[in-house]
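Visitor: one predicted model, sequence on top.
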Amino acid sequence: MFIKRTSKTVGGKTYVNHLLVESVLTPKGPRHRTVCSLGSLAPAPREEWSALSRKLESALIGQSTLLPEPGVEPLIERLQKRGGARPRATPWLATVEVLVDRVEVEKGRAAGPVHVGHQMWKRLGLDAILEKVGLDAKTKCLTEVMTLNRLVAPASEHAMPDWVRRTALAEILGTDLSWLNDEALYRNLDKLHPERVAIEAALADRERSLFQLGESIYLYDLTSTYFEGQCKKNPKAKYGYSRDQRPDCRQVVVGLVLDGDGFPKAHEVFEGNRNDSTTVEEMLAALEKRTGGRQGATVVVDRGMASKGNLKQITGRGYHYLVAARQPERNRYLHEFEGEEGWEPLVRPTSPNNPAQKKSQVKIKGAAGDGEVRILCVSEDRQQKDRAIRQLQEERLLAALEKLAQRIAKKRLRAEGKVGEAIGRLKQRYSRAVRYYQIVYDAEQQQLRWTELADKKHQAERLDGGYLLKTDRQDMSGEEIWRTYILLTRVESAFRSMKSPLLERPIFHQKEHRVEAHIFLCVLAYHLLVCVEKTFRDHGIFTSWESIREQLSNHQVVTVRLPASDGRVLTVRKAATPDREHKAIYQTLRIPETIVRPIKTWEST
């Protein structure tokens, strides 16, 4: 209840009245109901009206005070004389007499992560972007449903409708999704696929203005993602080098470009056996379609794409390059790597989740270059990683060679061509170790022999942890070059996010366009993910979406059933009160704590 001042002018004279009013919920929404008029004179100073209205409300429902208050008692008597007592039969009153022992809570639905995802979807203006490219309301809704599923609890199109019904997504979106089935989701992929480029371009432009992003750096890398099944209807599904350690499965290669802040700018899906170095020009063309091209930006790529031809393509389009040199080029600097002079230690954060600075196990120094700026880098962490990978591959290679030799000795494998194929598969699988061994098959003796190339192996050990960076940028210091290069770890992090919390792999689709639409949905979900994490980083909080999602997992929308003493039941559909950690997340993201508006209904028993 509250006190409301009203005025009315009649015949040039203004009449003032004070009303005791309560807010009630009706089938048409909230309405004000006048309980009683308090007269033309103010019942108390305005700052005391709130306390006075609470006292009057308590008196009307039968509560009494220990000590009578002179200013309140006359008003209570006036209310009682004028019939101001609250009518108990009105079904829309906020106060009811409840049978506490029979109160029930039911239909709990997961809401916290979905709420955050929906708010990020709105912040990025994705509905307007989808509408601009010509998608109708149903397609917009289903695209959001599918994207939020990948963000929150990735599932196949067949399992997605059941997930939707276990969440409060329909209530958050304000639409009925009870009809949802897998066929509708498959058809939605078909509608979404032709609009990928236009959506990605509009989204890049929106994020640029929303987060005030600079585009002086483009980070490009590739990964692979594998299939379940033969994928006979997908010409891009090929056997190739698997980053997922699944050489037994067909795959596609996914190229992704990020800006320096980690926001996706463009992605492309290539054949599963596509060589990294052959994708650069095609990826740059795709990038220009999405962003219009930013002349003078620096393109950062890893050593697999550091060929002279690729560097020429990058500069030919008006970009600068920063790359890690290939191993033969690095090996020419062996003596400088081993020298003790000229090294400069660097400081870097240990990880994004732990921003505390420490002296890094990294040192750099300049090196001579023809028209390029070159720096040598040595990382103790990388040294340990290089050594561990090589030793593990070497152990597995030697074990595999022993098994192959036994098969040959027992005459289980006789044909020379078949032996050559088996050796070729070992070379492909253990490429990091096989270069340090010479493998020979004697067809006459039917013997397999291998010899360690000790000098070559020793040279590799001396260069463990060392790499060479080069750029055509003449205005960058050695430290700036190194710090820009290690931004590539953001692409690696993006791939990890797409493969782990967003579960991009394995892909069960068999048709090419649905595979590409599936990967596009993962990229859309990653846009929402990086939007969340960027907002937290801007507040000095280094956390991951996976951690945030876990913290919000127990915030639900529930139905509370309140049996009244008159035999009816009041049901209230509302979100549970957020915990402290929930509130902190919502406040950091600047999104409302109220997930859905409460809905109250009466039922007769």
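Guide: It's in. Numbering: from 1, shown residues only.

Visitor: which parts of stretch 287-303 are buried?
Guide: Buried residues in stretch 287-303, counting neighbours by 16 or more other C-beta atoms under 10 Å, are found at 287, 290-291, 294, 297-303. In this view, the C-beta of every residue, glycine as well, is placed from N, C-alpha and C.

Visitor: and the longest helix for the protein?
Guide: helix 380-409 (DSSP state H).

Visitor: picking up where we left off before, any idea which of the buried residues of stretch 287-303 is least confident?
Guide: When the buried residues of stretch 287-303 are sorted by pLDDT, the bottom entry is Arg294 at 77.

Visitor: right, and the helix or strand after the strand or helix carrying Thr571?
Guide: Assignment of secondary structure by DSSP states H and E places Thr571 within strand 568-575. Next helix or strand after strand 568-575 toward the C-terminus (DSSP H and E): helix 580-589.

Visitor: can you give me the angle that following helix makes with strand 568-575?
Guide: 50 degrees (axes from the mean of the first three to the mean of the last three C-alpha atoms, to 10 degrees).

Visitor: the nearest residue to Ala42 once chain neighbours are set aside: neighbour count?
Guide: Leaving out its chain neighbours, the residue that sits closest to Ala42 by C-beta to C-beta, 6 or more residues apart in numbering is His18, at 6.2 Å. Residues near His18, counting by other C-beta atoms under 10 Å, number 19.

Visitor: wait, His18 sits on Val35?
Guide: No. Under the criterion of C-beta atoms under 8 Å, His18 is not in contact with Val35, lying 11.8 Å apart.

Visitor: can you confirm Ala155 is in a helix?
Guide: No. Checked against DSSP: H, G, I helix; E, B strand; the rest coil, Ala155 lies outside a helix; its state is coil.

Visitor: can you pull the contacts of the closest residue to it other than its chain neighbours?
Guide: Nearest residue to Ala155, sequence neighbours excluded (C-beta to C-beta, 6+ apart): Trp163, at 5.1 Å. Residues in contact with Trp163, defined by C-beta atoms under 8 Å, 6 or more residues apart in numbering, are 149, 153, 155.

Visitor: also Glu452?
Guide: 436-437.

Visitor: quick one: it from Ser431, how far?
Guide: Distance of Glu452 to Ser431, given as C-beta to C-beta, to the nearest Å: 16 Å.

Visitor: low pLDDT regions in the chain?
Guide: 24-30, 57-72, 78-96, 347-360, 605 (pLDDT under 70).

Visitor: domain ranges for it?
Guide: 2-81, 100-107+554-604 (automatic domain parsing).

Visitor: coming back round to it: which SSE is immediately downstream of the longest helix of the chain?
Guide: helix 416-429.

Visitor: helices or strands next to the next helix or strand after that next one in the packing?
Guide: Next in sequence after helix 416-429, counting helices and strands by DSSP H and E, comes helix 431-434. Contact here means 3 or more C-beta pairs under 8 Å, 6 or more residues apart in numbering; DSSP states H and E; on that basis helix 431-434 packs against helix 380-409.

Visitor: can you pull out the helices in the stretch 251-400 of the chain?
Guide: Ranges of helices within the stretch 251-400 of the chain are 280-291, 308-316, 327-331, 334-338, 380-409, based on DSSP state H, counting those that start in this stretch.

Visitor: can you check the distance spanned by stretch 108-127, start to finish?
Guide: One end of stretch 108-127 sits 28 Å from the other (C-alpha to C-alpha, to the nearest Å).

Visitor: and it, how far out from the chain's middle?
Guide: Remark: stretch 108-127 is offset 12 Å from the chain centroid, using C-alpha atoms, centre = their mean, to the nearest Å.

Visitor: next, the buried residues of it.
Guide: In stretch 108-127, counting by 16+ other C-beta under 10 Å, buried: 109-121, 123-127.

Visitor: please apply the same query to stretch 403-417.
Guide: 404-405, 407-408, 413.

Visitor: got JSON lines for those, with distance to Gln551 too?
Guide: JSON lines is the format used below for those (distance: C-beta to C-beta, whole Å):
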{"residue": "Leu404", "distance to Gln551": "51"}
{"residue": "Ala405", "distance to Gln551": "54"}
{"residue": "Arg407", "distance to Gln551": "53"}
{"residue": "Ile408", "distance to Gln551": "57"}
{"residue": "Leu413", "distance to Gln551": "55"}
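
Visitor: nearest to Lys308, of those residues?
Guide: Using C-beta to C-beta, Leu404 comes nearest to Lys308 of those, at 37.5 Å.

Visitor: please report how far that closest one lies from Val419.
Guide: 8 Å.

Visitor: which neighbours do these two have in common?
Guide: By C-beta under 8 Å, 6+ apart, the residues touching both Leu404 and Val419 are 413, 448.

Visitor: show me what the longest helix of the chain packs onto, helices and strands only.
Guide: Counting by 3+ C-beta pairs under 8 Å, 6+ apart, helix 380-409 packs on strand 354-367, helix 416-429, helix 431-434, strand 437-442, strand 447-452.

Visitor: please redo it, this time with the cut-off set to 10 Å
Guide: strand 354-367, helix 416-429, helix 431-434, strand 437-442, strand 447-452, helix 454-462, strand 466-471 (3 or more C-beta pairs under 10 Å, 6 or more residues apart in numbering; DSSP states H and E).
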